[in-house]
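Participant: From the sequence below, what's the structure:
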Amino acid sequence: MRQLGFIAIVAAAIAVPRFAAADTPGAHPAYLHALDDLRAARAHLERPANTVVKWDEKVAIHEIDEAIREIKDAALDDGKNLADHPPVDVAMDWKGRLHRSLELVQKAHADINREEDNYGARGLKHRAMQHMDLAVGFIKEGIVDAEATSMRNDHPAYLKALSDMREARALLQRPAKAAVKWDENTAITEIDKAIKAIKIAALDDGKNIDDHPAIDVGMEYGNRLQRADELVAKARADINEKEDDKFARGLKHNALQRLDAADAAIKAGIANAQEPAKHPAYLHALDDLRVARAHLEKPANVVVKWDEKKARQQIEAAIREIKEAAIEDGKNLDDHPAVDAALDWGGRLHHAKELLQQARADVNEKEDDKFARGLKRRALTNIDAAIRYVDQGIAAN
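Facilitator: Below is the predicted model:
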């Protein structure tokens with residue numbers, strides 16, 4: 001009996017703290033109010049699908065979850081889950097939701113701070129309030145971002161500028177058949193930097209660089225460059241028109257500077273793309289030089305002392321000079337009409353000379369001060385040397 005009495009006393013001693021803990025929520029109703037407010041604050045931070053902002057609400061939600069956990073770990077659990085809260089007003093905009101969430105977290109903070117005393121879990125105040133303080137800081141960052149986004153929504157021209165720049169960039173991508181010396185990557189790089197400048201300022205429409213209207217594949221490259229230049233100018237006007245003191249103060253200078261650089265690069269490309277059309281005789285010269293070179297390929301049954309390779313090397317040098325000056329027709333050395341197999345070696349040499357003289361006349365006729373100033377001298381020097389070598393071959397035949 002004495003043993004049973006001792007067990008009962010021990011059991012009673014163990015039970016007392018549990019009853020006291022169970023009584024704690026009743027003694028601290030503000031903690032339960034704080035849980036309600038934190039759940040409601042959390043719900044207001046769940047971003048609607050149509051809201052696009054730079055700020056990440058998950059960091060604030062995490063701190064609220066931690067604050068809730070600290071309260072519940074102290075046995076102040078009201079048995080409700082995170083989804084147990086009043087419905088959020090779906091008509092409330094994102095900025096309004098953030099402000100309401102901030103109010104609720106601050107209210108929960110005040111409840112816990114007021115009610116903490118010797119009856120509650122000793123470490124709760126420090127830990128839970130610390131998480132709420134962090135949540136308040138993160139939510140305030142979100143409010144700043146939401147206000148900036150609201151201002152940016154008043155600047156639809158920036159989004160139009162992004163669309164125009166993506167299309168301009170696509171137009172600058174050189175088709176395989178377009179052979180020009182100008183490097184379009186310079187202009188593309190500047191457009192990319194202008195797009196980045198706008199997106200860094202959080203004006204991101206969520207579209208990637210390939211999201212643009214289809215490019216007319218039948219449009220020649222010169223016309224594509226003209227259209228790209230128009231779009232860059234339009235994007236520049238949009239950005240310049242809408243910039244003000246309330247939004248991304250460095251955006252105007254940075255983005256406009258990049259677009260000006262792109263415009264200059266595109267204009268250089270337009271000038272370059274037009275040159276081959278002004279000098280069709282250079283393309284004829286390339287054809288003649290390739291055919292002349294083919295005629296100088298000595299048949300296996302021809303035995304002469306003269307070495308045709310020197311003449312061919314000069315022809316190849318002349319072709320290279322023309323191509324380096326951006327008159328590139330995309331053809332290789334073997335792209336020429338078939339050589340008449342019935343033509344004897346002497347006939348081939350004479351025809352090669354005629355073709356060289358014709359190529360020389362073409363190059364000499366079309367050279368002017370506006371285009372590739374060193375081409376005439378270098379190409380003609382090579383052609384003249386090739387003619388001399390062919391003359392030697394004709395004499396030796």
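Participant: Tell me how many other residues crowd the nearest residue to L333 once chain neighbours are set aside.
Facilitator: Leaving out its chain neighbours, the residue that sits closest to L333 by C-beta to C-beta, 6 or more residues apart in numbering is R290, at 6.0 Å. Any C-beta I mention is one placed from the backbone N, CA and C, and that applies to glycine too. For R290, the count of nearby residues is 23 (other C-beta atoms under 10 Å).
Participant: Kindly confirm whether my reading is correct that R290 touches I319.
Facilitator: Yes - with contact defined as C-beta atoms under 8 Å, R290 reaches I319; the gap is 7.2 Å.
Participant: shared neighbours, those two?
Facilitator: Residues within reach of R290 and of I319 at once, by C-beta atoms under 8 Å, 6 or more residues apart in numbering, are L333.
Participant: For this protein, which helix or strand comes out least confident on mean pLDDT?
Facilitator: Taking mean pLDDT, DSSP states H and E as the measure, helix 2-27 is the helix or strand of the chain with the lowest mean score, a mean of 40.
Participant: Name the residues that touch the following helix or strand past that one?
Facilitator: Sequence order places helix 29-44 as the next helix or strand after helix 2-27, per DSSP states H and E. For helix 29-44, contacts defined as C-beta under 8 Å, 6+ apart pick out 25, 61, 64-65, 67-68, 71-72, 76, 78, 80, 82-86, 88, 97-98, 100-102, 104-105, 107-109, 111-112, 114-115, 120, 128, 132, 135.
Participant: out of those, which are buried?
Facilitator: Neighbour counting with 16 or more other C-beta atoms under 10 Å marks 25, 61, 64-65, 67-68, 71-72, 76, 85, 88, 97-98, 100-102, 104-105, 107-109, 111-112, 115, 120, 128, 132, 135 as buried within the contacts of helix 29-44.
Participant: Next, check those residues against the strands and list the overlap.
Facilitator: Per DSSP state E, strands hold no members of these.
Participant: helices or strands next to the helix or strand containing L159 in the packing?
Facilitator: Using DSSP H and E, L159 falls within helix 156-172. Applying 3 or more C-beta pairs under 8 Å, 6 or more residues apart in numbering; DSSP states H and E, one finds that helix 156-172 contacts helix 185-200, helix 221-242, helix 251-278.
Participant: Can you give the contact residues for that helix?
Facilitator: Outside helix 156-172, the residues that touch it by C-beta under 8 Å, 6+ apart are 152, 184, 187-188, 191-192, 194-195, 198-199, 203, 205, 207, 209-213, 215, 224-225, 227-229, 231-232, 234-236, 238-239, 241-242, 255, 259, 262, 266, 269.
Participant: Quick one: buried ones out of the residues you listed?
Facilitator: Buried subset of these (neighbour count, 16+ other C-beta under 10 Å): 152, 184, 187-188, 191-192, 194-195, 198, 203, 212, 224-225, 227-229, 231-232, 234-236, 238-239, 242, 255, 259, 262, 266, 269.
Participant: the helices in the stretch 1-150 of the chain, which residues?
Facilitator: Applying DSSP state H, counting those that start in this stretch to the stretch 1-150 of the chain gives helices spanning 2-27, 29-44, 58-73, 94-115, 124-152.
Participant: angle of the third one against helix 94-115?
Facilitator: Right, the one you point to is helix 58-73. Between helix 58-73 and helix 94-115, the angle comes out at 30 degrees (axes from the mean of the first three to the mean of the last three C-alpha atoms, to 10 degrees).
Participant: Quick check: mean pLDDT of helix 58-73?
Facilitator: Taken as a whole, helix 58-73 has a mean pLDDT of 88.
Participant: Does anything pack onto that helix? Which helices or strands?
Facilitator: Applying 3+ C-beta pairs under 8 Å, 6+ apart, one finds that helix 58-73 contacts helix 29-44, helix 94-115, helix 124-152.
Participant: Please convert those to JSON lines, extending it with distance to N301.
Facilitator: Formatted as JSON lines, these follow (distance: least, C-beta to C-beta, whole Å):
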{"stretch": "helix 29-44", "distance to N301": "93"}
{"stretch": "helix 94-115", "distance to N301": "86"}
{"stretch": "helix 124-152", "distance to N301": "79"}
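Participant: Identify, out of these, the most deeply packed stretch.
Facilitator: Of all those, helix 29-44 has the most neighbours on average by mean count of other C-beta atoms under 10 Å, namely a mean of 22.
Participant: quick check: mean pLDDT across it?
Facilitator: For helix 29-44, mean pLDDT is 85.
Participant: So what's the gap between it and the chain middle?
Facilitator: 42 Å (C-alpha atoms, centre = their mean, to the nearest Å).
Participant: could you give the angle of that helix to helix 58-73?
Facilitator: Going by the same axes, to 10 degrees, helix 29-44 makes 150 degrees with helix 58-73.
Participant: Can I get helix 29-44 as CSV, trimmed to CA atoms?
Facilitator: Output of helix 29-44 as CSV, limited to C-alpha atoms (Å, rounded to 0.1, in the frame of the first residue of the first chain):
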residue,chain,number,x,y,z
PRO,A,29,-4.9,34.6,-25.6
ALA,A,30,-2.8,37.1,-27.5
TYR,A,31,-0.5,34.3,-28.6
LEU,A,32,-3.5,32.6,-30.3
HIS,A,33,-4.4,36.0,-31.9
ALA,A,34,-0.8,36.2,-33.1
LEU,A,35,-1.1,32.8,-34.8
ASP,A,36,-4.3,33.9,-36.5
ASP,A,37,-2.6,37.1,-37.7
LEU,A,38,0.5,35.3,-38.9
ARG,A,39,-1.5,32.8,-41.0
ALA,A,40,-3.5,35.6,-42.5
ALA,A,41,-0.3,37.6,-43.2
ARG,A,42,1.2,34.5,-44.8
ALA,A,43,-1.9,34.1,-47.1
HIS,A,44,-1.6,37.7,-48.3
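Participant: Next, the angle helix 124-152 makes with it.
Facilitator: 30 degrees.
Participant: ok, then the element right after the strand or helix carrying D287?
Facilitator: Using DSSP H and E, D287 sits in helix 280-295. Next in sequence after helix 280-295, counting helices and strands by DSSP H and E, comes helix 309-324.
Participant: dump the residue contacts of W306.
Facilitator: Applying C-beta under 8 Å, 6+ apart, one finds that W306 lies in contact with Q392, G393, A396, N397.
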